[in-house]
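Student: sequence and predicted structure are below.
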Amino acid sequence: MTVTLTPSTGAAYTRIYAYGAARGENAVPNDDLVGPIDSSDEWIRQRTGIVTRTRADHDTTAVDLSANAAAEAIARSGVAPADIDAVIVATISNPKQTPSVSAIVADRIGANPAPSYDVNAACAGFAYAVAQADALIRAGAAHYAVVVGAEKLSDIVDPTDRSISFLLGDGAGAVVIGPSDTPGIGPTVWGSDGSKADAVGMNHTLTQFRDGEAPWPTLRQEGPTVFRWAVWEMAKVARQALESAGIDASDLSAFIPHQANMRIIDELAKQLKLPDTVLIGRDIETTGNTSAASIPLATHRLLEEHPELSGGLALQIGFGAGLVFGAQVVVLP
């Protein structure tokens, strides 16, 4: 006897319902960081566009930031917390290897027992998690999902490092994703290149630290390598995301790249030939580089400052350690 399983089916389309944000409690200006790296406020501004960055209190964790951002997104979405049936947190700064940030966040926001898991895709993590939430809902594996990008990078910073330490901030951005009558999340263009894994990432392992063979692991990068890759290769990925969504750059209302460096942001916009009508996320100036949190934080700020963007199209692209990348066009709530 042949038994046929009942297939699961979901919504034809999905969209983002609302955003939430949580930034570190403290504004840290460049002057507070320049001593250990023998630098200046002017040098940091010229190289990165950062004037100040937000960093969290000592006792604030990526879990706390995630839960606060997710709670705001849910409150704005109109979806009841109990109706959230998937929680995905993109992060590289879980204070513990396990349990996941997401399981604790799901409980804190009232979504228990929603399935929950973390995504480790560095600065592309939010774009990866949006792709997964979209696929889960369309497959019928979830109905409403919370996606969070969250980092407390100040825990893994070496104040004397000139390659990346002065870039980094703390924060979390979240969205609620659910079914839609029309397409609200375009096809995702994503991938990785592990041959360049040494370009950016942790300088030591936890076991080396445990065994006294190395100091506490912190983030490092090969700045020129990452810059060239981000500008030239990510412009190609961004164009593919536009093509996959069936739109042109002139159809966009906003461009929201990972907040890695203001020079990278400006060069990408130039490569894409964005018209002046497209607003560009530049949250890095006062928040810093928050890895997986940077895209939703930048979007949250743009929507707060420009509510007329509601309903418009935004191209978001994340890229970072791995090397990994992900991009998609979304309809802004």
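Tutor: Arrived safely.
Student: can you pull the contacts of the most centrally placed residue in the chain?
Tutor: In the chain, the residue lying closest to the centroid (Cα atoms, centre = their mean) is Ala292, at 2.9 Å. Listed by Cβ atoms under 8 Å, 6 or more residues apart in numbering, the contact partners of Ala292 are 90-92, 119, 121-126, 149-151, 318. Where you see a C-beta, it was placed from the backbone N, CA and C, and this is true even at glycine.
Student: backbone phi and psi for it, please?
Tutor: phi -60, psi -20 (degrees, to the nearest 10).
Student: what pLDDT is listed against it?
Tutor: On the pLDDT scale, Ala292 is placed at 98.
Student: next one: Asp107
Tutor: 98.
Student: how much space between it and Ala80?
Tutor: 16 Å (Cβ to Cβ, to the nearest Å).
Student: over to Pro275?
Tutor: Pro275 sits 40 Å away from Ala80, going by Cβ to Cβ.
Student: what of Ser163?
Tutor: For Ser163, the distance to Ala80 equals 45 Å [Cβ to Cβ].
Student: and the contacts of stretch 234-241?
Tutor: 186-189, 191, 257, 268, 271-272, 315, 317, 319, 325, 327-329.
Student: out of those, list just those in strands.
Tutor: With strands taken from DSSP state E, the overlap with those comprises 189, 191, 257, 315, 317, 319, 325, 327-329.
Student: hmm, which of these are the buried ones?
Tutor: For the ones in strands among the contacts of stretch 234-241, a burial check counting by 16 or more other Cβ atoms under 10 Å picks out 189, 257, 315, 317, 319, 325, 327-329.
Student: export those to JSON lines and tack on distance to Thr286?
Tutor: Below are those laid out as JSON lines (distance: Cβ to Cβ, whole Å):
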{"residue": "Val189", "distance to Thr286": "29"}
{"residue": "Pro257", "distance to Thr286": "17"}
{"residue": "Leu315", "distance to Thr286": "22"}
{"residue": "Ile317", "distance to Thr286": "21"}
{"residue": "Phe319", "distance to Thr286": "22"}
{"residue": "Phe325", "distance to Thr286": "25"}
{"residue": "Ala327", "distance to Thr286": "24"}
{"residue": "Gln328", "distance to Thr286": "26"}
{"residue": "Val329", "distance to Thr286": "26"}
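Student: how about those residues, which pair is most distant?
Tutor: The distance between the two most remote of those (Cβ to Cβ) is 16.2 Å, for Phe319 and Val329.
Student: between Ser163 and Ala80, which one's more packed in?
Tutor: Ser163 (16 against 11; other Cβ atoms under 10 Å).
Student: could you report the distance from that one to Thr205?
Tutor: Ser163 is 19 Å from Thr205, where distance means Cβ to Cβ.
Student: likewise Gly322?
Tutor: 17 Å.
Student: Gln221 too?
Tutor: As judged by Cβ to Cβ, Gln221 and Thr205 stand 17 Å apart.
Student: those two: which has the busier surroundings?
Tutor: Neighbour count, other Cβ under 10 Å: between Gln221 and Thr205, Gln221 has more, with 21 against 12.
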